[in-house]
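# Fold the stuff below for me.
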Amino acid sequence: MRKFIYALLVTLVAITTSCSTSDNTVVPQLNLGQAAYTLANGTVKIKLEADAAPTTTVSVPVTISGTAAEGTDYTISGKSFELKAGEKEAFITLTRVTVKDSKTLTVTLGAAPQGFENGTMNYTTVNLLGKDAAVFSFENYADQLTLSKTYTIVLQKADGSIYNASTATEFEVEVDPSSTAVEGTHFKFTNNVKTITVNANKSKGTISLDFLKLETGKNTIVLKLKEKTGFNYGNNDKLTVTIVGPTTFNGTWAFSEVSPANKAWWAHDWSANTDDLVTGTSADQIKFEGSSYQSYTFTPTISGKLKNYFTSACAATFVNERQEKMQEEGGMPPREVTLSVLKFDKINTNISATDSKVQAAVVGFRIFKNDNSEEILECTIYDYEPTADTWKDIYEVMKYEPSDPLMLTAPIRVYFKRVK
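All right, here's what the predicted structure looks like:
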C-alpha cells in the first residue's frame, strides 16, 4: 500500500512539474507598431516589433487587402518583414503613387516564424488620403536644440500642394513619453506656449523650445502633434529634438578656404570674386579663449587678406543665436542652420588694407564636421562695408532693400579647421 501511495505521489509531482514548465514558457510575440497609419503624398513606414530579437534573420510574411491597388495607388518595398539577427524592429515602406481618391488597405501578418507567435496587433489599416484632404506635419522629422530653437509645422493637401487655413487655427503639441529629456529640467516651451497657431490664409506655424540643462542619456525630446478634427497626420507627426546645448568655440582654428558653394554663388549671382576680400593659408589662424560660451578673448594671427577684417586681438561677446538661410546651396526653401552671433570690439568693416573703419561688428559662427570627420568652424561675415571695386557697388545696391546689418543677406562664409 505504501509503495502504491509513493508511486502515486511521484506521478503527481512529475505531472505538476511538467505543467509548471509548460505554463512558464513565454513565446515572444510579433506585433505591428500602430493600429492605423495615414499616407498622404510620400511614404510611410510600417513597423514590426518583436518581444525578443532572433538569433538568425527571420522573414515574417504579410498579406495586403483593401480598396487601394498596388502599382496604381501605392508601391510596397516587400511582402515580408526581414527581422535581422539581434534586432527587435523591422520595417516595410509604402510609397504613394497617385494621389487622387481616398483608399484604404490592410496589412496583416502571415504565419509567425518558428520561435515566435503573432500578438493581438497582427494587422494595421493604412488610410490613403484623397487629394483634397488637409494634412498637418512637422516640417522636419529631426532637429537640434542649442540655446533656443523654433520648429515649424506645415499644412498641405494630400497631393502635396499648399493648404491655407481659412481662419486662425491652433494645433496642440505634447511631449511624447519616449522622450528622455524632462520638461522643466532639461528644456522648456518658450513662454510656456504649447500650441502652434497657423494664421488665416497661411500654411505654416511655429513653436519654440529653450535649453535648460545638458545631461548624458537625457538629451532627447520627442514632440508629438495632437489629433486635430478636420486634419490628418502627414509624414512627420513627431519631431525628435536632440539637446546639444550652447556651442563653444574655444581652441585654435586654421584657415581652410572660402566655402566653395558661397564662392560660386558670389561669382554666378553677383559677378564678384571673394578673393578680392578674403584669402589665407593654413598658417593663418584664429584663437578663441573663454570660460563659457558667453565671452572670449579673440586672437588672430593672419597674413592673408582676412587680416584686413580681423585686424587685432579683442574681446568677443555672445549676442544671440539666429537662423541663417544657406541660399548659396539652392533649394526652396533653402536649408537653415543655427549661427551663434558674436560681437567683436574691433573689426575693420571695410575689409581693406588702405581703407579703415574699425568698429564693433557682429559675426556668425557654427561648427560642423566635413566628410572626413574634421571639425570645421564656419565664419559668416555679414557685417561689413566693402570699399573694393565691384564690392562697393554691391554695397550700394543693398541699400535699396536694407537689412540690419546691411549685408545680412550677402554673407561671405570662411572655413577654418580645428588645430587644437
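
# Could you export stretch 111-126 as CSV, CA atoms only?
Provided in CSV are the C-alpha atoms of stretch 111-126 (Å, rounded to 0.1, in the frame of the first residue of the first chain):
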residue,chain,number,x,y,z
ALA,A,111,2.4,32.8,-40.2
ALA,A,112,4.9,33.6,-37.5
PRO,A,113,8.3,32.1,-37.9
GLN,A,114,9.5,29.3,-35.6
GLY,A,115,10.0,30.5,-32.0
PHE,A,116,7.5,33.4,-32.3
GLU,A,117,3.8,33.9,-32.3
ASN,A,118,1.6,36.7,-33.6
GLY,A,119,0.2,39.1,-31.0
THR,A,120,-3.1,40.9,-30.9
MET,A,121,-1.7,43.8,-33.1
ASN,A,122,-1.4,41.4,-36.0
TYR,A,123,-2.9,43.8,-38.6
THR,A,124,-3.0,47.5,-39.3
THR,A,125,-5.0,49.8,-41.6
VAL,A,126,-3.4,52.3,-43.9
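
# how much distance is there from that stretch to the middle of the chain?
Once both centres are worked out by C-alpha atoms, centre = their mean, to the nearest Å, stretch 111-126 turns out to sit 32 Å from its chain's centre.

# Would you indicate which residues of that stretch are buried?
112-113, 116, 118-119, 121-122, 124, 126 (16 or more other C-beta atoms under 10 Å). In this view, the C-beta of every residue, glycine as well, is placed from N, C-alpha and C.

# same check, this time on stretch 67-81
68, 73-74, 76, 81.

# Kindly report the same for stretch 234-244.
Quick answer for stretch 234-244 (16+ other C-beta under 10 Å): 234-237, 239-241, 243.

# now the end-to-end length of that stretch.
End-to-end distance for stretch 234-244: 27 Å, by C-alpha to C-alpha, to the nearest Å.

# what mean pLDDT does that stretch have?
Computed over stretch 234-244, the mean pLDDT rounds to 93.

# Show residues contacting that stretch.
38, 40, 42-44, 135-146, 149, 151, 154, 156, 176, 181, 186-187, 209, 211, 214, 219-225 (C-beta atoms under 8 Å, 6 or more residues apart in numbering).

# Identify those among the buried residues of stretch 234-244 that sit within strands.
Using DSSP state E, the members of the buried residues of stretch 234-244 that fall in strands are 239-241, 243.

# count of neighbours near the nearest residue to Gln327 once chain neighbours are set aside?
Nearest non-adjacent residue to Gln327, counting by C-beta to C-beta, 6 or more residues apart in numbering: Pro334, 4.9 Å away. Using other C-beta atoms under 10 Å, Pro334 has 13 neighbouring residues.

# which ones are touching Pro334?
Taking C-beta under 8 Å, 6+ apart as the test, what Pro334 contacts is 325-327.

# Equivalent analysis for Leu408, please.
Tyr382.

# Ok, the one 4 residues further on next?
The neighbourhood of Ile412, defined by C-beta under 8 Å, 6+ apart, consists of 258, 262, 266, 274, 277-278, 380-382, 384.

# And the pLDDT for it?
Listed pLDDT for Ile412 reads 98.

# tell me the phi and psi of the nearest residue to it once chain neighbours are set aside?
Nearest non-adjacent residue to Ile412, counting by C-beta to C-beta, 6+ apart: Ile381, 4.6 Å away. Dihedral pair for Ile381: phi -100, psi 110, per degrees, to the nearest 10.

# Run a quick neighbour tally on Thr299.
Around Thr299 there are 15 other residues, counting by other C-beta under 10 Å.

# try Thr216
5.

# picking that back up, export the buried residues of stretch 67-81 to CSV and append columns for pLDDT.
Shown next, in CSV, are these (pLDDT from 0 to 100):
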residue, pLDDT
Ala68, 92
Asp73, 92
Tyr74, 93
Ile76, 96
Phe81, 96
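
# Show only the entries of the residues you listed found in strands.
Those of the buried residues of stretch 67-81 lying in strands (DSSP E): 74, 76, 81.

# who touches the second one in this structure?
Contact partners of Ile76, counting by C-beta under 8 Å, 6+ apart, are 64, 70, 92-95.
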